[in-house]
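Enquirer: got a sequence here, can you model it:
(2 chains)
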Amino acid sequence: MKIENTKAQMRKGVLEYCILGILSNGDAYASDIIEHLKNAELIVVEGTLYPLLTRLKNAGLLEYRWEESTSGPPRKYYSLSPQGKSFQLELKSTWDALQKAVEHITTSK
Amino acid sequence: MNKTININLGGIIFHLDENAYLVFNNYLKAVKSGLEHQESGAEIIADIEARIAEIFGMRLKEAKRQVINESDVEFIISTLGKPEDFSDNDDIENEPFTSKAKDKRFFRNPDEKVIGGVCSGIAAYFNTDVVWIRIIFLILFFFTGIGFFTYIILWAAIPEAKTTAQKLQMRGEPVTLESIEKVFDKFGAQSKESGKKIKSGLTGFFEFVTNTIGSIFSFIFRFLGVMIAIIGALIAFSLLIALLGIFGSTWSFTNFDFININGHVLGMSGTEAIFGNGWRLIALRFGTVLTLLMPLFALVVFIAKVLGKEINNSRLLSFSGIASFIMGLLLIFVSAGSIVTDFKESATDTERNTLSGTHFDIKAEFLEENSGFFFEVDDEVLRIENIRFNIQPTSSNEASLELRHTARGSSHSEARQRAQNYDFPYVQNEEELQLSEYFNVPKSAMWRAQNLKITLFLPIGSSVYLDPSIENIMYDVKNLQNMWDGEMLGRTWTMTSKGLSCEDCPEIIYYRAEELEDEIQDNIDEELEALEEDIERKLEELELELKRLKDR
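Expert: Alright, predicted model coming up:
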């Protein structure tokens, strides 16, 4: 069992929640989302994100519209759908509970 | 100066230099091949392409360049990640991207081929070194010829491994994104070292056969090509055998007997008997040597190629091979053509010797080996068996033997000279006339379609016994019984004014009886006819008599 794999699994588990979290603060381009996630060191390469965004969009959690760009082709401007918003809230409570539980288990002796 | 290639990413045109294009193209293809089987794969690919266009655009703007170079592509790869990073996480754990698992398939290997990549494909399938497979095929080819046809059939039947997936299947490796990536990494690294060299291998490296019509056409062309190759190879092979025959017969090796017809050997002396020993033989020898050089060169190059050796100056080698082949053929044609003119004119020498006696026992010296070939070489003479023996009546009182020897030559005088130059051995010992089945001409006279007609002239009343030993020289001897030459043997014949007649044939009795029967039948017919006429006449008379009585 490699430590890298385990780390990657942990990050991947929260990735969807993080994307929804970023969008709950306001609409964003794919590159903005990537930028946030990269800064937080949740992802290393961008390639991982595109299939994920498409999957969330297909699940009806995300919506997007096209925006003109000065530096390239038109870009997708993502936002949360109403369904995505409730999904995000539900995940948030799960995450908070999980975080507390994990913290409690790993710190208390 | 560098070549650039234009690509269209998300509706924007970018100029890529050649090396950047090679790496980028393969990268994008590897990424696509991992995504296109997923749900909404096309959409994801479009997103990624748009993102790449964005990054390219930014980098060009920052660096104030117009052409994408390799460092830009490397930046893209490090930013977006390797092809395996693109697959959706859940999918990769439950169902790794695999096309029908580990089944091994037969493919021809286009990356390691000498002719069609059949051997290297087999080697990949059985996971052995290709050299062994090639050696087996070569042995089968040279000793049985099976190898040749097997190869052709396999070549036509087995598809070539065109895509990376097929190449992996050829070796029995699982077709996963990672294994494709491995191949990509390998070639990507090579392309940096020698971008040009690898280009032909890389373009179309990941291409899947989508155009069915194209592939059907390519199969037809390949099939036609294979057919032409087979026919060409067969022609070349038979030509080679023929040349080896000439070669063997023009240069005397000890006991070299290549052309062996009915147990008869046409060796060096046989060739000399036709080509003489002047310039024509020399031309023939050099011609065959020169002509043989090309297949020899080809064989050397082929074997070297099979063993994986590069031959320097292979172009010079093939050029000189072709040149010597043409020169050689010319020499052979000139030599053979000049032989043909030696058969232009014909002349006959006639000799007639009287024989004493009124009865002859005709025998012939029997040759031990009867070849049926034009001639045989016996030390310094050519033994020719072209003899026709006939028997005819003569008004003279004495029997005689006529010998008519005909020969050919480039001029009439040459033909005449050659016609006089022969020896037919025959002996008369009292009643016995011993002929031979052959006549001799000196080797220096060469074989020029010589033939001998022997005629025995018999006075009327004299008789002859035909021994079975003369069977081979008898030629359409006329006789009253109209018997075949073979039937006439072993019997005694008497010369009549009309021709030979058999004395001790049982057939002759039948013949006479038949004649008698015909005679009797003729007589009966005549008598019957006379009777019929008689009756008719009498009837007419009676009718007249009756008429007269009625009138009264």
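
Enquirer: what segments of the stretch 251-400 of chain B are strands?
Expert: Ranges of strands within the stretch 251-400 of chain B are B:260-261, B:264-265, B:345-355, B:359-365, B:375-378, B:381-384, B:387-394, B:399-409, based on DSSP state E, counting those that start in this stretch.

Enquirer: ditto for chain A
Expert: With DSSP state E, the ranges of strands along chain A come out as A:28-29, A:62-67, A:75-80.

Enquirer: which residue is the nearest non-sequential neighbour of the residue of chain A found nearest chain B?
Expert: Chain A approaches chain B most closely through A:Val45 (2.8 Å), counting by CB to the nearest CB. Heads up, the C-betas are built off the backbone N, CA and C, glycines and all. Nearest non-adjacent residue to A:Val45, counting by CB to CB, 6 or more residues apart in numbering or on different chains: B:Gly81, 2.8 Å away.

Enquirer: what's the one you found in contact with, if anything?
Expert: A:44-48 (CB atoms under 8 Å, 6 or more residues apart in numbering or on different chains).

Enquirer: so which of those residues are in helices?
Expert: If you go by DSSP state H, those have nothing in helices.

Enquirer: name the nearest of those relative to B:Leu403.
Expert: A:Gly47 (104.8 Å; CB to CB).

Enquirer: next, count neighbours for the closest one.
Expert: A:Gly47 has 24 neighbouring residues, counting by other CB atoms under 10 Å in any protein chain shown.

Enquirer: do B:Leu9 as well
Expert: For B:Leu9, the number of neighbouring residues by other CB under 10 Å comes to 24.

Enquirer: cool, and B:Gly490?
Expert: B:Gly490 has 12 nearby residues by other CB under 10 Å.

Enquirer: make sure it is indeed in a strand.
Expert: No: counting by DSSP: H, G, I helix; E, B strand; the rest coil, B:Gly490 falls outside a strand, being coil.

Enquirer: quick one: contacts for it?
Expert: By CB under 8 Å, 6+ apart, the contact set of B:Gly490 is B:466-468.

Enquirer: show only the entries of these found in strands.
Expert: Using DSSP E, the contacts of B:Gly490 in strands are B:Leu466.

Enquirer: quick one: contacts for the most centrally placed residue in chain A?
Expert: Nearest to the geometric centre of chain A sits A:Ile19, at 2.0 Å (CA atoms, centre = their mean). Counting by CB under 8 Å, 6+ apart, A:Ile19 makes contact with A:33, A:37, A:49, A:52-53, A:56.

Enquirer: what pLDDT does it get?
Expert: Reported pLDDT at A:Ile19 in the predicted model: 89.

Enquirer: related to what we said a few turns ago, chain B next: which of the contacts of A:Ile19 are close?
Expert: With CB under 8 Å from any CB of the partner chain as the criterion, those include A:52-53 near chain B.

Enquirer: now render the contacts of A:Ile19 as TSV, adding pLDDT and neighbour count.
Expert: Below are those laid out as TSV (pLDDT from 0 to 100; neighbours: other CB atoms under 10 Å in any protein chain shown):
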residue	pLDDT	neighbour count
A:Ile33	88	20
A:Leu37	86	20
A:Leu49	84	26
A:Leu52	86	19
A:Leu53	88	21
A:Leu56	88	20
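
Enquirer: please flag which of the contacts of A:Ile19 sit within helices.
Expert: If you go by DSSP H, the contacts of A:Ile19 have A:33, A:37, A:49, A:52-53, A:56 in helices.

Enquirer: distance to B:Glu414 added to those, as TSV?
Expert: Output for the ones in helices among the contacts of A:Ile19, formatted as TSV (distance: CB to CB, whole Å):
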residue	distance to B:Glu414
A:Ile33	107
A:Leu37	106
A:Leu49	101
A:Leu52	102
A:Leu53	102
A:Leu56	106
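
Enquirer: which pair of the residues you listed spans the longest distance?
Expert: Maximum distance among the ones in helices among the contacts of A:Ile19 (CB to CB): 13.6 Å, for A:Leu37 and A:Leu56.

Enquirer: get me the contact residues on chain B for chain A.
Expert: B:9-12, B:31, B:35, B:38-40, B:43-44, B:47-48, B:50-51, B:53-54, B:56-58, B:61, B:78-83, B:85-89.

Enquirer: just the ones of those in strands?
Expert: Reading strands off the residues of chain B next to chain A with DSSP E, I get B:9, B:12.

Enquirer: got a PyMOL select line for the buried ones in the residues of chain B next to chain A?
Expert: Buried subset of these, written as a PyMOL selection, criterion 16 or more other CB atoms under 10 Å in any protein chain shown:
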select buried, chain B and resi 9+10+12+31+35+38+43+44+47+48+50+51+53+54+56+57+79+80+81+82+83+85+86+87+88+89
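
Enquirer: so which bits of the lengthiest helix in chain A are buried?
Expert: Counting residues, the longest helix in chain A under DSSP H turns out to be helix A:82-107. Buried residues in helix A:82-107, counting neighbours by 16+ other CB under 10 Å, are found at A:84, A:87-88, A:91.

Enquirer: tell me which strands and helices that helix is in contact with?
Expert: helix A:3-24 (3 or more CB pairs under 8 Å, 6 or more residues apart in numbering or on different chains; DSSP states H and E).

Enquirer: any idea how far the helix it packs on is from the chain center?
Expert: 7 Å (CA atoms, centre = their mean, to the nearest Å).

Enquirer: what comes up buried for that helix?
Expert: A:11-12, A:15-23.

Enquirer: what about the spatially closest residue to B:Gly409 that is not a sequence neighbour, neighbour count?
Expert: Spatial nearest neighbour of B:Gly409, chain neighbours left out: B:Ala415 (3.4 Å); criterion: CB to CB, 6+ apart. As a burial measure, B:Ala415 scores 24 neighbours (other CB under 10 Å).

Enquirer: now the one 3 residues further on
Expert: B:Arg418: 25 surrounding residues under other CB under 10 Å.

Enquirer: was I right about it contacting B:Arg408?
Expert: Yes: look at B:Arg418 against B:Arg408 with CB atoms under 8 Å: they come within range, at 7.5 Å.

Enquirer: spell out which residues are contacts of both of those two.
Expert: In contact with both B:Arg418 and B:Arg408: B:347, B:448, B:450, using CB under 8 Å, 6+ apart.

Enquirer: give me the residue from chain B nearest chain A.
Expert: For chain B, CB to the nearest CB, closest residue to chain A: B:Gly81, 2.8 Å.

Enquirer: just the local confidence number for that residue, please.
Expert: In this model, B:Gly81 carries a pLDDT of 84.

Enquirer: check B:Glu310 too.
Expert: Listed pLDDT for B:Glu310 reads 60.

Enquirer: and B:Asp476, by the same measure?
Expert: pLDDT, read off for B:Asp476, is 86.

Enquirer: do B:Glu526 as well
Expert: 92.

Enquirer: okay, now B:Leu293: neighbour count?
Expert: B:Leu293 - counted by other CB under 10 Å - has 18 other residues nearby.

Enquirer: try B:Lys104
Expert: B:Lys104 sits with 15 neighbouring residues when counted by other CB under 10 Å.

Enquirer: returning to what we had before: wait, the residue of chain A closest to chain B sits on B:Ile76?
Expert: No: counting by CB under 8 Å, A:Val45 does not reach B:Ile76; the two are 10.4 Å apart.
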